[in-house]
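S.K.: output the structure for:
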Amino acid sequence: MVDRDDLILDFVNTLHKAPAGDEETLASAAALGAWLHERGLLPGTRASASDLARARALREALRQLLLANNGVEVDLSAACATLEAISRRARIELRFRDGLPQLAPAAGGVDGALGRIVVALQAAVADGTWPRLKACRSRECEWAFVDRARNQSRAWCSMRSCGNREKARTFRRRHAHER
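M.R.: As a prediction, this is how the structure comes out:
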């Protein structure tokens, strides 16, 4: 199974927004099943069209939270409602292993797999890594990344692409108003 933070980022990045056109990794229920299976979240269970819709809703709710981590105003109530619905379907419970508490989904199948992604979010909040998980501020991108800057000030996934493009837009807007 992949690292908890990588799981969140990889899941959000199953939709790659790009100026030339979006690339959707979760293009079908079968693709969702394969993605979850490859990460050790869903051994041998098939996904349905409704599973795919819930997975995409979870992905976009997580993206909204990552954008909020990057200072972007978003509708947190809608994102939280989606996370709560996914958590209920996953039947996330408090369990104890080796005397220590941990959250785990009681549901199997796709609901349990999606629940493990929600549990990864909670674990990132609990250990303090959550604020470093962000989504690019560029609305054309919104790629999820880890902000490794010492002061956690990174705004874009890459300064070479999104950062330069956004700074150039800001420069052109500023100078257009001066004329």
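S.K.: ok, residue 143 touching residue 134?
M.R.: No. Using Cβ atoms under 8 Å as the test, residue 143 is too far from residue 134 to be in contact (9.5 Å). Where C-beta positions appear, they are placed from N, C-alpha and C, glycine not excepted.
S.K.: out of those two, which sits in the more crowded spot?
M.R.: residue 134 (27 against 23; other Cβ atoms under 10 Å).
S.K.: for the more buried one, which non-adjacent residue is closest in space?
M.R.: residue 70 (4.1 Å; Cβ to Cβ, 6 or more residues apart in numbering).
S.K.: now stretch 120-128 - C-alpha only, CSV.
M.R.: Output of stretch 120-128 as CSV, limited to C-alpha atoms (Å, rounded to 0.1, in the frame of the first residue of the first chain):
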residue,chain,number,x,y,z
ALA,A,120,-5.7,8.8,5.4
LEU,A,121,-7.0,12.4,5.5
GLN,A,122,-7.7,12.2,9.2
ALA,A,123,-4.3,10.6,9.9
ALA,A,124,-2.6,13.5,8.0
VAL,A,125,-4.5,16.0,10.1
ALA,A,126,-3.6,14.1,13.3
ASP,A,127,0.1,14.0,12.6
GLY,A,128,0.3,17.6,11.3
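S.K.: what residues does it touch?
M.R.: For stretch 120-128, contacts defined as Cβ atoms under 8 Å, 6 or more residues apart in numbering pick out 4-5, 7-8, 62, 65, 83, 103, 130, 133.
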